[in-house]
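1. fold the following.
(2 chains)
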Protein chains: 2
Amino acid sequence: MKHKKPLILVTNDDGITSAGIQALVDVAKNFGDVCVIAPDKPQSGMGHAITVHSGIMVKKEHFPGTKAAFSCTGTPADCVKLGKYHLLKEKPDICLSGINHGANMSLNVIYSGTMSAALEGALEGIPSMGISLCNNHTGQSLDASKKVAEIMLQTFIDNKPDNNLCLNVNVPDIPFSEIKGIKFCRQGKGNWKESYNELKDETGEEFLWLNGKFENFEKRSTDTDLWALDNNYVSVVPIHADMTHYEELEKVKKWEVKW
Amino acid sequence: MKHKKPLILVTNDDGITSAGIQALVDVAKNFGDVCVIAPDKPQSGMGHAITVHSGIMVKKEHFPGTKAAFSCTGTPADCVKLGKYHLLKEKPDICLSGINHGANMSLNVIYSGTMSAALEGALEGIPSMGISLCNNHTGQSLDASKKVAEIMLQTFIDNKPDNNLCLNVNVPDIPFSEIKGIKFCRQGKGNWKESYNELKDETGEEFLWLNGKFENFEKRSTDTDLWALDNNYVSVVPIHADMTHYEELEKVKKWEVKW
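-> Model prediction:
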């Protein structure tokens, strides 16, 4: 960390007016100078989308507890790129994303706007953390998640993370006193079993609405984020952008190709 | 493959009217029955976005060479979910995404709508391939890419891929006769050095427009997709959704946490 006070970039995928980003700023401001760059509207499920076919509008915002704050029409990943390459005078020391209302464990990381912002931070050489509460309801209390964010941020700073480190932190939806601690673990295997509801709008136009139920494919494994959360631990998974499937690579290398 | 003729789902991220999806259908129809489900508009840079906050509108389309075709207001990943869970009577045997005008090598896979559709296929147990031409200009000839798609699809079927296999195929932008063959390889490390152009619309409203230059961080490595493409080979990288950074996991497990 080059500052006495680290510069902390806070973003999220639920938009600048969400309770989650306010909670994360409340925690972060005790550890350093805070800047906020966040989407101007909710962007859940955006994955690692970036804005390539249109311009991005940026607006200065008043956000108590921060040195500077901006909203924009871009995606969560855009917010981090904007911060590093255009809006901030210096590179942030830490990038935080959240607190998200909704779990981002297992393969959900690829659908997650929250984690795309954190991962974009790590890609830009800013050690990053995304923090999610395992409850989708935006009214749900963030008290336990704020305490976890505080512990994790202290741990992060104390342990001098690598510049490309990105941690995916998920908090079980129980009171803080019932959380058993932190488990550093791997991403568990699972998937969504989807269905679609058929709906009509006022004009009779038909729509399909996605509905899904998550399935854990590794119920017996005890080293996954899925196990940790089921057993009242906070799960912490380091992630990166290398999606190479190395086991399959060894298999396909043996394929015969008729060129 | 349970059919004599495999059922092949074709999608893309440039939309149902793009030259690339027509090219891929032209190739696929020689190998099996083809269904198309694609976005109704271009969706480049969408990453693994899915539609969670609104309904999706679906429209039947006439698409020569296919058994059935639909466009929708959803993302590339939505198209594959819709196919598996709602629109198709049986599960496809193969999912193809492309042909994309624009490279999806290295870390670009996380920003890529093309590869999100292919990966969603593999997550749904449908062996999948995404095919991209390393040239962004939509007018660029797809002749070489079509020949590569044909060779890869034949190779894919002959070698009986695992249900969760997802291949990221990138084609160098040179005539087919100059392509040296296929390299099965890993995703190379690199990143975009971004800048933003400041623009104004007719009303004086200000916008930022993303501009970037890709940097290869592993110029000396010869086992990456970046090396293969630079050396006139088609790069083929098996990818998956496990983003756990296992080396970092071993490091962070040693962190002291003050709970």
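2. so who does the residue in the stretch 1-150 of chain A that chain B sits nearest to touch?
-> Going by CB to the nearest CB, chain B is nearest to A:Gly55 of the stretch 1-150 of chain A, at 2.8 Å. The C-beta positions use only the backbone N, C-alpha and C, and glycine is treated the same way. Neighbour list for A:Gly55: B:199, B:201, B:207-209 [criterion: CB atoms under 8 Å, 6 or more residues apart in numbering or on different chains].
3. what about chain A: which of those touch it?
-> B:199, B:201, B:207-209 (CB under 8 Å from any CB of the partner chain).
4. could you identify the most distant pair in these?
-> For those, the maximum inter-member distance is 12.3 Å, found between B:Asp201 and B:Leu208 (CB to CB).
5. between those two, tell me which one has more neighbours.
-> Per other CB atoms under 10 Å in any protein chain shown, whichever of B:Asp201 and B:Leu208 has more neighbours is B:Leu208, with 24 against 10.
6. for the stretch 1-150 of chain A, what lies in contact range of chain B?
-> Taking CB under 8 Å from any CB as the criterion, the stretch 1-150 of chain A approaches chain B at residues A:42, A:44-58, A:77-78, A:81-82, A:84-86, A:107, A:109-111, A:116, A:119, A:123-124.
7. which of those are buried?
-> Among these, the ones that count as buried by 16 or more other CB atoms under 10 Å in any protein chain shown are A:42, A:44-52, A:55-56, A:58, A:77-78, A:81-82, A:84-86, A:107, A:109-111, A:116, A:119, A:123-124.
8. go through those residues and flag which are in strands.
-> Judged by DSSP state E, those include A:Val58 as members of strands.
9. take the ones next to chain A among the contacts of A:Gly55 and write them to JSON lines, including pLDDT and secondary structure.
-> JSON lines is the format used below for the ones next to chain A among the contacts of A:Gly55 (pLDDT from 0 to 100; DSSP: H, G, I helix; E, B strand; the rest coil):
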{"residue": "B:Leu199", "pLDDT": "93", "secondary structure": "strand"}
{"residue": "B:Asp201", "pLDDT": "91", "secondary structure": "coil"}
{"residue": "B:Phe207", "pLDDT": "93", "secondary structure": "strand"}
{"residue": "B:Leu208", "pLDDT": "95", "secondary structure": "strand"}
{"residue": "B:Trp209", "pLDDT": "93", "secondary structure": "strand"}
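10. ok, so of those residues, who is nearest chain A?
-> B:Phe207 (2.8 Å).
11. quick one: mean pLDDT for stretch A:121-128?
-> If you average the pLDDT over stretch A:121-128, you get 97.
12. buried sites along that stretch?
-> Residues of stretch A:121-128 classed as buried: A:121-124, A:126-128 (neighbour count, 16+ other CB under 10 Å).
13. farthest pair within those?
-> For these, the farthest-apart pair by CB to CB is A:Leu123 and A:Pro127; their separation is 11.4 Å.
14. joint contacts of those two?
-> A:Asn164.
15. how far away is A:Phe63 from A:Ile16?
-> 7 Å (CB to CB, to the nearest Å).
16. can you list residues touching both of the two?
-> Contact criterion CB under 8 Å, 6+ apart; residues shared by A:Phe63 and A:Ile16: A:36, A:69.
17. so what's A:Ser71 up against?
-> Counting by CB under 8 Å, 6+ apart, A:Ser71 makes contact with A:15-16, A:37-40, A:58-59, A:61.
18. go with 7 Å
-> A:16, A:38-40, A:59, A:61 (CB atoms under 7 Å, 6 or more residues apart in numbering or on different chains).
19. ranking the residues you listed by neighbours, who comes first?
-> Ranked by neighbour count under the definition other CB under 10 Å, the contacts of A:Ser71 are headed by A:Ala38 with 28 neighbours.
20. what's the closest residue to that residue other than its chain neighbours in contact with, if anything?
-> Nearest residue to A:Ala38 in three dimensions, chain neighbours excluded: A:Ile16, at 4.0 Å (CB to CB, 6 or more residues apart in numbering or on different chains). Counting by CB under 7 Å, 6+ apart, A:Ile16 touches A:36, A:38, A:40, A:61, A:71.
21. of these, which pair is most distant in space?
-> Largest pairwise distance in the contacts of A:Ile16, by CB to CB, is 12.0 Å, between A:Val36 and A:Asp40.
22. follow-up on the earlier one: so which of the contacts of A:Ser71 belong to strands?
-> Filtering the contacts of A:Ser71 for strands - DSSP E - leaves A:38-39, A:59.
23. checking the closest residue to A:Leu133 other than its chain neighbours next. Helix, strand or coil?
-> Nearest residue to A:Leu133, sequence neighbours excluded (CB to CB, 6+ apart): A:Ser145, at 4.6 Å. Secondary structure, DSSP: H, G, I helix; E, B strand; the rest coil: A:Ser145 is helix.
24. which residue ranges of the stretch 101-250 of chain A form helices?
-> In the stretch 101-250 of chain A, the helices defined using DSSP state H, counting those that start in this stretch lie at A:113-123, A:143-158, A:225-230, A:246-252.
25. packing partners of the helix or strand hosting A:Asp26?
-> Using DSSP states H and E, A:Asp26 maps to helix A:19-28. On a contact count with 3 or more CB pairs under 7 Å, 6 or more residues apart in numbering or on different chains; DSSP states H and E, helix A:19-28 meets strand A:7-11, strand A:33-39, strand A:94-101, helix A:143-158.
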